[in-house]
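Enquirer: make a model of this:
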Amino acid sequence: MSRLIGRLVCALLIAFPLLTAAPAWASGPRRPTAVNIHPAGWMSSSASDINSHGEVIVTATNTVNGEIQPPLGFLWQAGKHTVLRPLPGGNGSLPRDVNERGEVVGFCQSAVHAARPCLWRQGRPRDLGTLDERGTGTALAVNDKGEVVGDNQTFIHGGLTRAFLWRRGVLTDLGGVGDRSATGINNHSQVIGVHYSSNGQRAFLWQRGTLTDLGTLGGNETVPADINERGQIVGTSTTADGVQHAFLWQRGRMIDLGTPSGISGALAINDHGQVVGWSNSADGAARVFHWYQGVRTEFPGYGARINERGWIAGTTAGDPRRAFLLRNRRMVTGDPAAAVMALNNRGMLAGWTNTPGGNHATVWK
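Expert: Reported below is the predicted structural model:
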């Protein structure tokens, strides 16, 4: 499963606000227990992704005289932090995705560039290059074959942002007109991304050299969030009256997963076609939803992530929020959590908690 990661550097510190109505599932006996994985010497940190081996990507920041300093990335596993080093002469790095081989992608600074797309293996950075060597860029996703996608800000294309695919040392422009960013890739090398235009954002699928516009639910915009190994894509699209609705795209057809009133968006899909997302009704009530084969279920909490077992993770409503894991129709709540951003197939959760000094990267087991 691939993840959509936003264009902004601060996207790792943003959680989707998702709330809901309670289902009739019983509480289970096991509680997700928080483990603080905050790197020593830093003011704030957040965890944004975790693979099945329990390797977690962490971003840490410091503030000096009111100014946020360049972030630094880490890969955490079993109590050990590995620094994701910047390029020579650089000060910072920002991880965006980790695959099952423990390869991490994101951007790293160099002596002359504020951001270069990078791939880290065992903490060592590899500059993936840019379509224009004067340009900058970031890597946003990596599949389990080590293929990387992202975007470049170029000079040779009139200052456009261009979507790229990097594999086996070769950087390829994915083509198309206008500003584009590639945001996700599965293990069949199918790439999802966004085309930015004056009319809004449009989702695209790239496969075997062909770009396909996913269309809309009748409006102007479509933003993809995830693609699974079957090539099914989920995200958010606008209807003819401009309302945001969750969608599932498969076999060339876009299916509306939205509610009769209000707005919604899909966040993730597993390889069985199970979808999780969020909705806000016309009266302002917010919910998390699960959709599978036309059946929609809602349950309490913020932030929804789903793994290949169909388990769902996030945080509960109320104060304080707590990490939850919905497993085999049993809701289990655990230690407090500010945000849960990722879930692996072993049931480990990753995100962050609030402390008086700042956010702390956290895993829940």
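Enquirer: low-confidence ranges, the stretch 151-300 of the chain, go.
Expert: Across the stretch 151-300 of the chain, the ranges flagged by pLDDT under 70 are 157, 285-286.
Enquirer: strands of that one, residue ranges please.
Expert: 161-167, 170-173, 179-185, 191-197, 200-207, 210-213, 218-227, 233-239, 244-250, 253-256, 263-269, 275-280, 286-292, 295-299 (DSSP state E, counting those that start in this stretch).
Enquirer: same deal with the stretch 1-150 of the chain?
Expert: Under DSSP E, counting those that start in this stretch, the stretch 1-150 of the chain gives strands at 34-36, 44-50, 56-61, 63-64, 67-68, 72-77, 80-84, 93-98, 104-108, 116-121, 124-127, 136-142, 148-153.
Enquirer: who touches the second one?
Expert: Residues external to strand 44-50 that are found in contact with it (Cβ atoms under 8 Å, 6 or more residues apart in numbering): 3, 5, 12-13, 37-39, 56-63, 76, 95-98, 339, 341-344, 348-352, 357-363. Every residue, glycine included, has its C-beta placed from N, CA and C.
Enquirer: out of those residues, which end up buried?
Expert: Buried by 16 or more other Cβ atoms under 10 Å: 3, 5, 12-13, 37-39, 56-61, 76, 95-98, 339, 341-344, 348-352, 358-363, out of these.
Enquirer: report the distance from stretch 339-357 to the chain centre.
Expert: Here stretch 339-357 is found 13 Å from its chain centre; the criterion is Cα atoms, centre = their mean, to the nearest Å.
Enquirer: endpoint to endpoint, it covers what distance?
Expert: The straight-line separation of the ends of stretch 339-357 (Cα to Cα, to the nearest Å) is 17 Å.
Enquirer: would you turn the strands of the stretch 151-300 of the chain into a markdown table with distance to Ala114?
Expert: Putting the strands of the stretch 151-300 of the chain into a markdown table (distance: least, Cβ to Cβ, whole Å) gives the following:
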| stretch | distance to Ala114 |
| --- | --- |
| strand 161-167 | 15 |
| strand 170-173 | 19 |
| strand 179-185 | 17 |
| strand 191-197 | 20 |
| strand 200-207 | 24 |
| strand 210-213 | 29 |
| strand 218-227 | 26 |
| strand 233-239 | 29 |
| strand 244-250 | 33 |
| strand 253-256 | 37 |
| strand 263-269 | 30 |
| strand 275-280 | 33 |
| strand 286-292 | 36 |
| strand 295-299 | 42 |
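Enquirer: so His360 bridges to which residues?
Expert: Bridge pairing for His360 (DSSP bridges) gives the partners Thr353.
Enquirer: I should have written Val295 there, sorry.
Expert: Per DSSP bridges, the residues bridged to Val295 are Tyr292.
Enquirer: neighbours around it, how many?
Expert: Val295: 7 surrounding residues under other Cβ atoms under 10 Å.
Enquirer: ok, now Arg126?
Expert: Close neighbours of Arg126, defined as other Cβ under 10 Å, add up to 18.
Enquirer: hmm, what's the outermost residue in this structure?
Expert: Relative to the centre of the chain, and counting by Cα atoms, centre = their mean, the farthest-placed residue is Asn65 at 30.8 Å.
Enquirer: and Leu214, how far is that from Ala203?
Expert: Distance from Leu214 to Ala203, counting by Cβ to Cβ, to the nearest Å: 4 Å.
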